[in-house]
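K.L.:
from the sequence below, what's the structure:
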Amino acid sequence: MRKDVTNDFEDMSHSDDAREMMEKYVIGEVDVTTVPTRRLYVAPGLGGTNPKDEKPGFLIKILQLLVPLLILGLALVV
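P.N.:
From the prediction side, this is the model:
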């Protein structure tokens, strides 16, 4: 992911040597009209989930409970 780090660079109060070194690492200029003003991040599992997506998670929880019980039951029978 590429990011405009101009503000980060300026906040660090870099030396003149650092500014000269920067010239060989600059990839290009950012068109500020295409940069979103605010980026919305929704962490996985927090809001915006589809109920259809929750079914596999429910199935996994049931299997995590049943599989050990089945193994224990088979061990007792043997």
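K.L.:
need the residues that contact stretch 3-21.
P.N.:
Outside stretch 3-21, the residues within contact range by Cβ atoms under 8 Å, 6 or more residues apart in numbering are 22, 30, 35. All C-beta spots, glycine's among them, are computed from the backbone N, C-alpha and C.
K.L.:
show me what contacts the second one?
P.N.:
Contacts for Val30 were tallied using Cβ under 8 Å, 6+ apart; they are 4, 6.
K.L.:
distance between the longest helix anywhere in the chain and the chain's centre?
P.N.:
In the chain, taking DSSP state H as the definition, the longest helix is helix 51-77. In terms of Cα atoms, centre = their mean, to the nearest Å, the centre of helix 51-77 is set 29 Å apart from its chain centre.
K.L.:
okay, which residue is most central for this structure?
P.N.:
Ala43 (7.5 Å; Cα atoms, centre = their mean).
K.L.:
run through this protein and note the low-pLDDT ranges.
P.N.:
1-2, 39, 45-56 (pLDDT under 70).
K.L.:
can you tell me how far Glu29 sits from Ala18?
P.N.:
Distance of Glu29 to Ala18, computed by Cβ to Cβ, to the nearest Å: 19 Å.
K.L.:
oh sorry, the question was meant for Leu59
P.N.:
55 Å.
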